[in-house]
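**Q** here you go, sequence then predicted model.
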Amino acid sequence: MTELGRGCSRGCRFCAAGFIYRPPRLWSGPAIIDALQRRPQTIDRIGLLGMEMAEDRVIDEIIGYLRNQDCSLSFSSLRADRISPPLIELLAASRIRSVAIAPDGCSERLRRVINKNLSEEKLLEAAVALTTAGIVHLKLYVMVGLPTETQEDLAELVRFIGRLKREIDPIGRDRGRLTELTLSVNSFVPKPWTPFQYCSYGGLDPGEARAAVSSQPAIKRLRERIGYLRKHLGRLPNIRLKTDRPERILRQAILARGDRRLAPALIKCALRGGVLKKSLHEIGLTAHQYAVRPRDDDEIFPWDILDHRINPHYLYDEYRRAFSEKSTAACRPDRCRSCGVCGNVR
Ligand code: SF4
């Protein structure tokens, strides 16, 4: 296993790793190749970590080296807009059968909201190239309950999956085996130190979330979203739909933005089992106040005691930019000073 860097330069607005591990520290192409050269000579399969954020030029250098060395490749996931012809050739030669790509948002609009910025065309191109290269199992990860999400975003995902199947099924039929699609649908959990730390679990807009007196409207919204996808995609041939249970993920959403007052409720749960929500109620707390209540820019967060060097105003600006679907460029630590991390080394 060889890492191409640490942190991530992409700035997806939901992703804790992309913010708490700033600045991104990418190895140069020559440094990676030098490390690969020093591997034990019996090793001819190389795992690459962090391919999503490496520069195209660096990936091409590594691929060229691996092909010269007759090495095969493995990796955990790929960015759909990073799939180049040399990479596809190496994938085919490596006999990789399964690849995961993460559109994350159900529609192109939502992918702008979360700063993922992947177009439907890029996703389709990637799926066609991967199927042609012999991939027989394609996994797609999406979230429901993202801020501003509407039924129309989900309808776009349903249309996209139909289009995707019309593109890749003939390729599979010609080679005698269809590519199986797995669509993994996960309820979005707002995370500390991200621009979406201000959001509500369940994708309620701030007005709805304030009006809600419990976590039920959030759970109901997520169930409806998942139910819609089940209804429209669950029975299609050769597609597996994996969904979570929003009422279970609620626990994650409580813990993610929890504070020290949660401790007695957790101890109660640990000692006698039972439901976290109920234990919270017994000590005068609610799931709503941790998971669903929207936060404003003047909120003092429990995690403010940790200094990741990111300016909180930057996180709030990024949150606001999400609502106007404005994209933010990937990190360039040599020249960018936007979030407060680079050029501020202590
Ligand atoms: S200052 Fe710029 S390059 Fe550095 S971590 Fe922040 S956004 Fe990324």
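**A** Great, that's in hand.
**Q** is the residue sitting nearest the centre point of the chain in a bridge, and if so with what?
**A** What sits nearest the mean C-alpha location of the chain, by CA atoms, centre = their mean, is residue 104, with 5.3 Å. Under DSSP bridges, the beta-bridge partners of residue 104 are residue 142.
**Q** wait, what's in contact with it?
**A** Taking CB atoms under 8 Å, 6 or more residues apart in numbering as the contact definition, residue 104 lies against 12, 14, 111, 114, 116, 141, 142, 143. Bear in mind the C-beta positions are built from the backbone N, C-alpha and C, glycine included.
**Q** so which of those comes closest to the ligand?
**A** Closest approach between these and the ligand, by CB to the nearest ligand atom: residue 12, at 12.7 Å.
**Q** I figured the closest one hits residue 18, correct?
**A** Yes: under the criterion of CB atoms under 8 Å, residue 12 makes contact with residue 18 at 5.5 Å.
**Q** buried set for stretch 231-240?
**A** 232, 233, 239 (16 or more other CB atoms under 10 Å).
**Q** show the pLDDT at the residue in the chain sticking out farthest from the centre.
**A** Distance from the C-alpha centroid of the chain peaks at residue 41, with 35.4 Å (CA atoms, centre = their mean). Turning to residue 41, the model gives it a pLDDT of 88.
**Q** can you name the element that comes right after the biggest helix by length in the chain?
**A** Under DSSP state H, the helix in the chain containing the largest number of residues is helix 151-175. Per DSSP states H and E, the first helix or strand lying C-terminal to helix 151-175 is strand 180-187.
**Q** strands paired with that following strand, and their directions?
**A** Going by DSSP bridges, the partners of strand 180-187 are strand 137-144 (parallel), strand 239-243 (parallel).
**Q** now do the same contact list for residue 160.
**A** Applying CB under 8 Å, 6+ apart, the residues near residue 160 are 120, 123.
**Q** so how far is the ligand from it?
**A** Using CB to the nearest ligand atom, to the nearest Å, residue 160 is found at 30 Å from the ligand.
**Q** make residue 1 into 48 and carry on from there
**A** Got it, the first residue is 48 from now on, which makes the last one we talked about residue 207.
**Q** briefly note if stretch 69-79 comes near the ligand.
**A** Yes: interface with the ligand: stretch 69-79 contributes 69, 70 (CB under 6 Å from any ligand atom).
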